[in-house]
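Chemist: Sequence below, structure please.
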Amino acid sequence: MEIQLQIFFLLVILLSAVIHEYSHGYMAWQLGDDTAKVMGRLTINPLAHIDPFGTILLPLVLWFVTGGSFIFAYAKPVPVNLYRLQNQKWGPPLVAFAGPGSNLVTAGLLSLILRFLPISPFAGFLAIVIYANLLLAVFNLVPIPPLDGSRILDAIVPDKFMQFKLIFQQYGFVLLLFFIFFLFPLIVPVISFLFYLLTGYNFWHLLSFI
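Modeler: Just a heads-up that it's a prediction; the model follows:
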C-alpha cells in the first residue's frame, strides 16, 4: 500500500475509532451513567480522544516493524462507571458492544452505497473506509482485556470462574500486545469475509483501482 493510502487508512481508523468511543459513552449515558458527558468525552472532536500510545506510538511502531504493510491505531477509551448503569447484568455488555456495533453499522450503510457504484477510484476509497470499520469491529470483539469482547464475555461466563477472569484481566495488556504483534493475521480472513459478504467485492481488487 502506497504511503498516501497508508495515511488515508490511518486517518479513517482514527476517525472511526472516535465514533466507536463516542458510541460507548452515548450508550452508557442512555443507560444511566453520565461520566463521559461530565468529563467532556461525549463528543466527536478527535482531540478529546487522542491516546499517546494507541493513537501515536502504536501506529508508528507498526509502520516501522512491518515496513508500512500494516498500520493500526485506537482512540483513548471513554470513561464509564459500570456501577451507575441501571441494568447491572446487561448494561456493561451493551455499553461494550456499542463501540464495535457502531463500526458494523457504518460499514453496513457504506456497503449499500458501494453496491450501487461503478468500480472507480472513489469506490476504492470507500472500500478502505468500510474495511477500516470492519477491522475495528472485529478487533475489539476479541475477548482480551481491555477490548470490548472481554466485557461481553464477562457477562456470559459464570461467576464461579471469577478467579480465572481476574487473572486474565491482570495480564490483559501483555496478552493484547502479543496478539497485536503476533496473532493479528488470524482475524484478517474474518474481516475479508465480512467485507465480501457486505459488498460482494474483494477488498484488494477494489484497492487496485485507486
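
Chemist: Need the pLDDT of residue 161.
Modeler: On the pLDDT scale, residue 161 is placed at 68.

Chemist: Need the three-state assignment for the residue nearest the centre of the chain.
Modeler: Most central in the chain under Cα atoms, centre = their mean is residue 136, positioned 2.6 Å from the mean C-alpha point. At residue 136 the chain is in helix, as set by DSSP: H, G, I helix; E, B strand; the rest coil.

Chemist: Begin at 503, not 1, for the rest of this chat.
Modeler: Taking 503 as the first residue, the last one we looked at is residue 638.

Chemist: how close does it get to residue 522?
Modeler: Look at residue 638 and residue 522: by Cβ to Cβ, to the nearest Å, they are 6 Å apart. To be clear about C-beta, it is placed using only N, CA and C from the backbone, and glycine gets the same treatment.

Chemist: okay, and the common contacts of the two?
Modeler: Common neighbours of residue 638 and residue 522 are listed as 602, 605 (criterion: Cβ atoms under 8 Å, 6 or more residues apart in numbering).

Chemist: coming back round to it: the residue nearest to the centre of the chain is in contact with residue 520, isn't it?
Modeler: No: in this structure, residue 638 is not within contact of residue 520 by Cβ atoms under 8 Å, at 10.6 Å.

Chemist: what residue ranges in this structure score low on pLDDT?
Modeler: Applying pLDDT under 70 to the chain picks out residues 503, 662-664.

Chemist: show me where it has helices.
Modeler: Ranges of helices in the chain, per DSSP state H, are 505-532, 537-540, 560-567, 593-617, 623-642, 650-658, 664-672, 674-680, 690-701, 705-709.

Chemist: residues of the first one that come out buried?
Modeler: Yep, that's helix 505-532 we're talking about. Within helix 505-532, the residues scored as buried using 16 or more other Cβ atoms under 10 Å are 508, 510-512, 514-531.

Chemist: next one: the fifth one
Modeler: For helix 623-642, burial by neighbour count (16+ other Cβ under 10 Å) applies to 625-642.

Chemist: Can you check what angle separates that helix from helix 593-617?
Modeler: If you take axes from the mean of the first three to the mean of the last three Cα atoms, to 10 degrees, helix 623-642 sits at 160 degrees to helix 593-617.
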